[in-house]
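A.B. asks: turn this into a model:
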Amino acid sequence: MNPPHFTLRRACARDAADFAGLMANPDVYANLMQLPLPSEAMWRARLETQDAAGPIGAGDLHVVAERDGRVIGSAGLHPVDRLRR
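C.D. replies: Reported below is the predicted structural model:
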């Protein structure tokens, strides 16, 4: 049995179309804590802001799993300004 082959890398603005496609899947957005069906333009703006902030920048880290040039998954770490008590 061969293990699945994919690459993990930092997300960038060129991934906007793939992000919009992933988030349009009802099985995906039903489990997210954000508005459903964000547009490609919204994702591009969000990822461009992250790109401009640099690797340390705003503190957000978005990574993608890529196979054959397509984003097949993502994960993000986002710091919170206020701690819950």
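
A.B. asks: which non-adjacent residue is nearest G59?
C.D. replies: P79 (4.2 Å; CB to CB, 6 or more residues apart in numbering). The way it works is simple: take the backbone N, C-alpha and C, and place the C-beta from them, glycine included.

A.B. asks: what's the next secondary structure element after the lowest-mean-pLDDT helix or strand in the chain?
C.D. replies: Lowest on mean pLDDT, DSSP states H and E among the helices and strands of the chain sits helix 26-29, with a mean of 80. Per DSSP states H and E, the first helix or strand lying C-terminal to helix 26-29 is helix 40-53.

A.B. asks: let me see the mean pLDDT of that next one.
C.D. replies: Over the span of helix 40-53, the pLDDT mean works out to 84.

A.B. asks: re earlier: what about the residue nearest to G59, how many residues nearby?
C.D. replies: Here the number of neighbours of P79 (other CB atoms under 10 Å) works out to 8.

A.B. asks: against W43, how distant is it?
C.D. replies: Relative to W43, P79 is positioned 20 Å away (criterion: CB to CB, to the nearest Å).

A.B. asks: what do you get for L8?
C.D. replies: 19 Å.

A.B. asks: ditto for A13
C.D. replies: Counting by CB to CB, the gap from A13 to W43 is 8 Å.

A.B. asks: when these two are compared, which one has more neighbours?
C.D. replies: W43 (21 against 16).

A.B. asks: go ahead and confirm the more buried one touches F19.
C.D. replies: Yes. Contact criterion CB atoms under 8 Å: W43 and F19 qualify, at 4.2 Å.

A.B. asks: what residues does stretch 72-79 touch?
C.D. replies: Contact with stretch 72-79 is made by 6, 11, 19, 22, 59-66, as judged by CB atoms under 8 Å, 6 or more residues apart in numbering.
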